[in-house]
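Q: only geometry, no sequence info:
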Ligand code: CA
């Protein structure tokens, strides 16, 4: 059996595969969450924080390779790429975008589970996913380097307290997309956060004072009424 609470995010658009994987993996003791396309996968990834991702390459709208790259900007979680035929993916490409392993369809569940367990064993315990991406993120004239814990706006260093830094990181990783208030709170304060949600408003206000030209007319961190915030990518 898998270790308790080992959660797998299955990203797959073919319903027959999804059903078979859910049944098979649950029988092996995994918790299973499934996404049918790349965007759903990224949203679920943030809310579920899985221990491993099984990622189909051919997905509607957003390719599995792009999903893989995107996940790698925020986490070192083991990713196993699943492709329908060998021709769909060059192994090297798969590994270049940060995947840990790949499996070709049709595969046997037993083989897949063996590879999943191997990938899970390879995760160094010190590298937990909260230490952010390994590379700097740059959106427009805002640059965030998680490794050095530095932020530059228009080339000028800006000092940010830890939580403001974390909020900015989540927004930048998702630049151009709406980040819901719940997702921001989950990612920065943890899923069990019970404090006042005004805390987030305060952090956004302070961030704007540091990254906006005119904080009263935000051009970078914009409010999406009723949903959350978006970091403008253009
Ligand atoms: Ca597919």
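A: Done, it's in. Fair warning: this is a prediction, and the values are worked out from it, not measured in the lab. Residues are numbered from 1 along each chain as shown.
Q: mind listing the helices for this structure?
A: All helices of the chain, identified by DSSP state H, fall at 15-27, 38-48, 64-72, 91-96, 109-122, 162-173, 181-189, 198-211.
Q: ok now the fifth one, how far from the chain's centre?
A: Looking back up the chat, that one is helix 109-122. Mean-position distance between helix 109-122 and its chain equals 21 Å (C-alpha atoms, centre = their mean, to the nearest Å).
Q: just give the nearest non-adjacent residue to residue 141, would you?
A: residue 154 (4.7 Å; C-beta to C-beta, 6 or more residues apart in numbering). Backbone N, C-alpha and C define where each C-beta goes, glycine included.
Q: phi, psi for that neighbour please.
A: When read as degrees, to the nearest 10, the backbone of residue 154 gives phi 50, psi 40.
Q: the helices of the chain: which one's closest to residue 230?
A: The closest approach between residue 230 and any of the helices of the chain, judged by C-beta to C-beta, belongs to helix 162-173 at 7.7 Å.
Q: output the contacting helices and strands for that closest one.
A: strand 136-139, strand 142-145, helix 181-189, helix 198-211, strand 228-231 (3 or more C-beta pairs under 8 Å, 6 or more residues apart in numbering; DSSP states H and E).
Q: that helix to helix 198-211, inter-axis angle?
A: Put simply, helix 162-173 runs at 70 degrees to helix 198-211, going by axes from the mean of the first three to the mean of the last three C-alpha atoms, to 10 degrees.
Q: now the residue nearest to residue 141: how far from residue 140?
A: Residue 154 is 9 Å from residue 140, where distance means C-beta to C-beta, to the nearest Å.
Q: more neighbours: the two, which one.
A: The neighbour count for residue 154 versus residue 140, taken as other C-beta atoms under 10 Å, is higher for residue 140 (16 against 11).
Q: show me what from this structure comes close to the ion.
A: 13, 56, 58 (C-beta under 5 Å from the ion).
Q: need the buried ones from the residues you listed selected in PyMOL.
A: Buried residues among those (16 or more other C-beta atoms under 10 Å), as a PyMOL selection:
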select buried, resi 13+56
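Q: kindly reformat the residues of the chain next to the ion as a markdown table containing pLDDT.
A: Rendered in a markdown table, the data for the residues of the chain next to the ion read as follows (pLDDT from 0 to 100):
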| residue | pLDDT |
| --- | --- |
| 13 | 94 |
| 56 | 92 |
| 58 | 86 |
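Q: same list, the residues of the chain next to the ion, but as JSON lines with distance to residue 182 please.
A: Formatted as JSON lines, the residues of the chain next to the ion follow (distance: C-beta to C-beta, whole Å):
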{"residue": "13", "distance to residue 182": "26"}
{"residue": "56", "distance to residue 182": "27"}
{"residue": "58", "distance to residue 182": "30"}
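Q: ok, so of the residues of the chain next to the ion, who is nearest residue 98?
A: Proximity of the residues of the chain next to the ion to residue 98 (C-beta to C-beta) peaks at residue 56, which lies at 16.0 Å.
Q: so that closest one bridges to which residues?
A: Taking DSSP bridges as the rule, residue 56 bridges to residue 82.
Q: pretty sure it is touching residue 12, no?
A: Yes. Judged on C-beta atoms under 8 Å, residue 56 makes contact with residue 12 at a distance of 4.5 Å.
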